[in-house]
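[1] task: produce atomic coordinates for the following.
(one chain, ligands or ions: 1)
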Amino acid sequence: MSDLVIETSGLRKEFRSVRRGVRVAVQNLDLAVPAGGGVHGFLGPNGSGKTTTIRMLLGLVRPTRGTMRLFGEPVPQRLPHVIGRVGAVVESPKFSPNFSGRLNLELLAGSIGAPKARVDQAIETVQLSGREKEKYKSYSLGMKQRIAIAATLLKDPALLILDEPTNGLDPAGIREIRETIRGLGEAGVTVLLSSHILAEVQQVCTSATIIGNGRLLASGRVDDLLGTSTVHRVVVADPARAAEALARAELAATVDGDALRVDAADPARITHVLGEAGIWLSELTPLRPDLETVFLELTRSEQLGGAQ
Ligand SMILES: Nc1ncnc2c1ncn2[C@@H]1O[C@H](COP(=O)(O)OP(=O)(O)OP(=O)(O)O)[C@@H](O)[C@H]1O
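    Here you go, the predicted structure:
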């Protein structure tokens, strides 16, 4: 059995229209999401092909070329056999506005033959306990999103696919959804989380795939994608004087507002050089690139390399 929950190979999707001709939404995409729980970020800017990929995986759109597997089974051919283990929030699900969140979930549970106890569990997991008896239409956008996630949990999925679940939410709503998703990943569910907000996703994902213009730019553990950096932020009273002292010691330093960015493999060299010049540091922090920076670098080098 494959140890990948999601696997695509050479996946391609072209949309054809008389007016616009052929638009390639996904090209030659090899996606590999490991089994075993945790959150896998599926990252890319608007229009990069995330939704189209997800729709292909769920059998909602037919690929032009390539193969896909869910739990090692080829899809869409074997989708009926595996779909019971997959929960997905791709579009705004339809709930009855005048029924409570709980009643909506109970009706859903009944329709898929899930035990009623699962409703309580799902409500608890998405932290809606206490509000579940209020009418759906009175819920905030964040609560509606959490009910949508709760609905996918009714069948106790091993894989949860969430397409931009924080779209349109305020910062508090984003934080709540983030905590819910983190909790699910920790509980052993494998979550594919698509988003264009890289900094946001960085906080919950253990691994990620980054795409741009429908093609894979990078994939792997978030720690590996971020890599290491030798750049440090240094705060001193007189950054310009400190930059001169560091330059004399052949340490590259640039003034950045009221601080300095200094490139040095060994931070002890920075303190040594500045100390000898009679300059005292009030802060020395290693600067790790964030996913946003990594992504911009990747898309820049792709553009330099030329599109296919
Ligand atoms: N049904 C369709 N017909 C024609 N073009 C489409 C269709 N669906 C998607 N596209 C195009 O395919 C490309 C990828 O779109 P897709 O929605 O997959 O991107 P995305 O990464 O999910 O973006 P977003 O974050 O905005 O949802 C876009 O150029 C989009 O306009």
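
[2] with only the CA atoms kept, save the helix or strand containing residue 210 in CSV.
    Following DSSP states H and E, one finds residue 210 within strand 207-212. Extracted in CSV, the C-alpha atoms of strand 207-212 (Å, rounded to 0.1, in the frame of the first residue of the first chain):
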residue,chain,number,x,y,z
SER,A,207,4.7,20.1,4.8
ALA,A,208,3.7,22.0,1.8
THR,A,209,3.5,22.1,-2.0
ILE,A,210,4.0,25.5,-3.7
ILE,A,211,2.6,26.0,-7.2
GLY,A,212,2.6,28.9,-9.6
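
[3] buried residues, that strand. List them.
    207-212 (16 or more other Cβ atoms under 10 Å). Backbone N, C-alpha and C define where each C-beta goes, glycine included.

[4] do the same with stretch 231-240
    232, 234, 236, 239.

[5] ditto for stretch 282-292
    Neighbour-count burial for stretch 282-292 [16+ other Cβ under 10 Å]: 284, 289, 291.

[6] you'd agree the first one is up against residue 231?
    No: proximity of residue 284 to residue 231 does not meet the contact threshold set by Cβ atoms under 8 Å, at 11.6 Å.

[7] so residue 45, which state does it fall into?
    Secondary structure for residue 45, judged by DSSP: H, G, I helix; E, B strand; the rest coil, is coil.

[8] okay, now the unreliable bits of this structure?
    Where the chain drops to pLDDT under 70, the residues are 1-2, 91-93, 301-308.

[9] which of the helices or strands spans the residue nearest in space to the middle of it?
    Central residue of the chain (Cα atoms, centre = their mean): residue 41, 3.0 Å from the mean position. Using DSSP H and E, residue 41 falls within strand 38-43.

[10] from the opening residue of stretch 70-79 to its closing one, how far?
    8 Å (Cα to Cα, to the nearest Å).

[11] and the residue nearest to residue 192 when sequence neighbours are not counted, how many neighbours?
    Residue nearest to residue 192 in three dimensions, not counting chain neighbours: residue 161, with 4.7 Å by Cβ to Cβ, 6 or more residues apart in numbering. Neighbour count for residue 161, taken as other Cβ atoms under 10 Å: 23.

[12] ok, residue 161 touching residue 60?
    No: between residue 161 and residue 60 there is no contact under Cβ under 8 Å: 11.3 Å.

[13] shared neighbours, the two?
    residue 90 (Cβ atoms under 8 Å, 6 or more residues apart in numbering).

[14] farthest pair in the buried residues of stretch 231-240?
    Greatest spatial distance among those (Cβ to Cβ): 232 and 239, at 13.1 Å.

[15] quick one: which of the buried residues of stretch 231-240 is nearest residue 267?
    When those are compared against residue 267 (criterion: Cβ to Cβ), the nearest one is residue 232, at 5.6 Å.

[16] part of a strand, is the closest one?
    Yes: looking at residue 232 with three-state DSSP, it is inside a strand.

[17] so what's the residue of the stretch 151-300 of the chain found nearest the ligand up against?
    Proximity of the stretch 151-300 of the chain to the ligand (Cβ to the nearest ligand atom) peaks at residue 196, 5.1 Å away. By Cβ under 8 Å, 6+ apart, residue 196 lies in contact with 43-46, 48, 50, 164.

[18] can you turn the buried part of these into a PyMOL selection?
    Listed next is the PyMOL selection for buried residues among these, using 16+ other Cβ under 10 Å:
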select buried, resi 43+44+48+50+164
